[in-house]
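*Asks:* below are the sequence and a predicted model; questions follow.
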Amino acid sequence: MTQNEGQFVNDSFESTGTKIIQYTIIYVLASFAWMLVSDQLAHLTILNPLTNPWASTLEGLFFVSVTGMVLYLLMHRLAASVHDFEKSYKIVFDHASDSIFLADASGNILDANEKAEELLGSWRSEILQMKMPEFLYPWLSDGAQTNVDEMKTGKPILAERSFIRKDGKKLVLESSLRRLPDGRVLAIVRDVTEKRRAEEELRREEQKRRQLERQLMQTQKIESLGSLASGIAHDFNNILNIIGANAALLPQRATDPTKLSKSVSDISAASDRGAFLVKQLLTFARESGTVLESVDLNQIVHEIVTMVKETFPKNIVVLENLQPNLPRIVGDRIGLHLAILNLCVNARDAMPQGGELVLTTLICEPDKTQVLLQHRTEKRLVEVSVADTGIGMSAKTREALLDPFSAGEPEIADTSFGLSLVHSIVQTHQGLFDIKSEPERGNTFSVYLPTVEKDKKSSTKSTEELPLLLDGTETILIIEDEEMLAEIVRFALESRGYKVFCAHDGEEGLKVFSENHVEIAAVITDQGLPKMEGTEIIRRVKKINPGTKVVLASGFIDAKARAEMLEAGADAFMQKPYSPANVLKIVRKVINEKS
């Protein structure tokens, strides 16, 4: 029943009630008036008790006649009003936009309107032979006692049930039930089948949109890496030149400890530099869902600055201006990394002749925060800005920039897709995105993100861990197909007192373990091995001896693979490339841990 229909019934009922009160008052006033007038008429001979012994009787008859006539007229008017009300109510009942049922306490249907006939696909005579279906009586199913108690208080109960009509059509019905004072139940029912179907379709479309967004993000990652390819190759050539040149000089410098130490130090530094770059590329390129965690924006910006310094043209000066003690945010590290790197790539493309690229982090001033947030509840924002001294943009370009399918201006084609993705990532983080630019005056892209309240517990200084002793006497099995790497790990472990077995493929490693599983305390295995992968080795090792610790090493472990390895029984992971010191720490740590 619509609001207007309900209001009409209420108005009719109130009007009838008002008339009853009015007629009662009129009757009382008329009786009182007669009592006053009858005394004034006493001087008439016919009504004078002194001259006519029947005066009192006549007076009574006259009173009854007059008041009876008045009462008849009033009752006639009242009956007409009640009839009008019933007629109006019936019109509203039969022509209401919702289906209406009236049932007794046992569920027998006493009345139903025309919409109910249409809803159930049955004639009213058929409906009156039915009991109220279960979808209208929720106390017949789950939550029975709670629903019964609520109904007794007169509160309406909302229920949604599936229903199959006699013609086989499936419906989803939403009903509102209320117990009337006389114990009967009034049910107003609405067909929400199409509404629920539309909601489900919207949900599926939203899933498709998110999937497409993930695919677009992954595509943009690859495109971003492609745009950095020449710089990455250049940087790796430099790293290889440093390592190769110093390695060639080692025999000549063997007699000079100072120069020998310098060459070894340069090789180690170049190796660390290459490892960091590989780690950043793998982290950035991996396909993963959104993972929200506490994030230090200064760390992300510093990592990006390090990467672009290595990969951007040398005629672009890269600077960072990071505010100390920047509040942390809750965000997706990979998504934020992608967004800021895209802004840097756009800045690079805007400076074909070189220039200055500045990445800045800061806490927004309260006044600026209030203007940006307006009616939102966040109290504080941090800003990450990427500014360049490039060619800038026109107002038209700026307006079209966030459309991933813009094709109007040539300068939009190369940047719109990336910036629309940046905008999407910022929105996912409940943030704001702003662009300031003028032709020939450079661009400034600003990202504003809400902070998280500082946890007082986390601010307290934790007790420092005791230094880990790296020496040991346990037996370790190394399964690594790269022989030189296996020998380095063997040397590192044996130099600290460990006994070491080596194997160069999965089958050989499993054979060695089977023969020596009683004494082997830990296994270090590569994931990508000939004949058997590391994950399968973990399962078989744990089956033979569940107490053996297994450390899995790989150059790239995504979230899905990590979950599979944990399920298989991996105790720790090592990211390649790793240092001998890192191997010693992880091995000692997993052996010390209780099973």
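*Replies:* All right, it came through fine.

*Asks:* alpha carbons only for contacts and neighbour counts from here, please
*Replies:* Noted.

*Asks:* okay, now Glu213: neighbour count?
*Replies:* Neighbours of Glu213 under the rule other Cα atoms under 10 Å: 15.

*Asks:* now it: which helix or strand?
*Replies:* helix 193-253 (DSSP states H and E).

*Asks:* do Leu110 as well
*Replies:* Using DSSP H and E, Leu110 maps to strand 109-112.

*Asks:* contacts for that strand, please.
*Replies:* 99-104, 124, 127-132 (Cα atoms under 8 Å, 6 or more residues apart in numbering).

*Asks:* domain map for the chain?
*Replies:* The record assigns the chain these domain ranges, following automatic domain parsing: 3-95, 99-191, 208-287, 294-454, 475-592.

*Asks:* rank the ones you listed by pLDDT, which is bottom?
*Replies:* Sorting the domains of the chain by mean pLDDT places domain 3-95 lowest, at a mean of 58.

*Asks:* give the helix, strand or coil label for the residue lying closest to Phe501 once chain neighbours are set aside.
*Replies:* Distance criterion Cα to Cα, 6 or more residues apart in numbering; nearest residue to Phe501, sequence neighbours excluded, is Leu477 at 4.7 Å. Classification of Leu477 using DSSP: H, G, I helix; E, B strand; the rest coil returns strand.

*Asks:* so what's Leu477 up against?
*Replies:* Leu477 sits in contact with 500-503, 509, 513, 520, 522-524, where contact means Cα under 8 Å, 6+ apart.

*Asks:* try Glu438
*Replies:* 392-395.

*Asks:* go again using 10 Å as the cut-off
*Replies:* The contact partners of Glu438, taken as Cα atoms under 10 Å, 6 or more residues apart in numbering, are 390-395, 398, 444.

*Asks:* neighbour-wise, give me the winner out of those.
*Replies:* Gly390 (25 neighbours).

*Asks:* any idea how far that one is from Lys309?
*Replies:* 17 Å (Cα to Cα, to the nearest Å).

*Asks:* before we move on, what about Asp111?
*Replies:* Using Cα to Cα, Asp111 is found at 81 Å from Lys309.

*Asks:* next one: Ala159
*Replies:* Counting by Cα to Cα, the gap from Ala159 to Lys309 is 62 Å.

*Asks:* how about the contacts made by Ile488?
*Replies:* 579-580.

*Asks:* what's the first helix or strand after the helix or strand harbouring it?
*Replies:* According to DSSP H and E, Ile488 maps onto helix 483-494. For helix 483-494, the following helix or strand on the C-terminal side (DSSP H and E) is strand 499-503.

*Asks:* can you give the contact residues for that next one?
*Replies:* Contacts for strand 499-503 (Cα under 10 Å, 6+ apart): 472-481, 483, 486-487, 489-491, 493-494, 508-513, 516, 519-520, 523-525.

*Asks:* can you flag the buried ones in those residues?
*Replies:* 472, 474-481, 486, 489-490, 493-494, 508-510, 512-513, 520, 523-525 (16 or more other Cα atoms under 10 Å).

*Asks:* quick check: Ile334 is in a helix.
*Replies:* Yes. Counting by three-state DSSP, Ile334 is located in a helix.

*Asks:* how close does it sit to Arg348?
*Replies:* Distance of Ile334 to Arg348, given as Cα to Cα: 21 Å.

*Asks:* more neighbours, those two?
*Replies:* Arg348 (22 against 19).

*Asks:* gap between that one and Ile316?
*Replies:* In this view, Arg348 and Ile316 are 8 Å apart by Cα to Cα.

*Asks:* likewise Gln323?
*Replies:* From Gln323 across to Ile316, the span is 23 Å (Cα to Cα).

*Asks:* what do you get for Met484?
*Replies:* As judged by Cα to Cα, Met484 and Ile316 stand 39 Å apart.

*Asks:* who has more neighbours, those two?
*Replies:* Ile316 (20 against 10).

*Asks:* now do the contacts for Glu200.
*Replies:* Each residue near Glu200 by Cα under 10 Å, 6+ apart is listed here: 194, 206.

*Asks:* ok, Arg540 next?
*Replies:* Counted by Cα under 10 Å, 6+ apart, Arg540 has contacts 510, 513-514, 534, 546, 568-569.

*Asks:* and the helix or strand where it lies, which residues are buried?
*Replies:* Using DSSP H and E, Arg540 sits within helix 534-544. Neighbour counts over helix 534-544 (16+ other Cα under 10 Å) mark 534-535, 537-542 as buried.

*Asks:* now for those residues: which two are most distant?
*Replies:* Using Cα to Cα, the two most remote members of the buried residues of helix 534-544 are Gly534 and Lys542, lying 12.3 Å apart.
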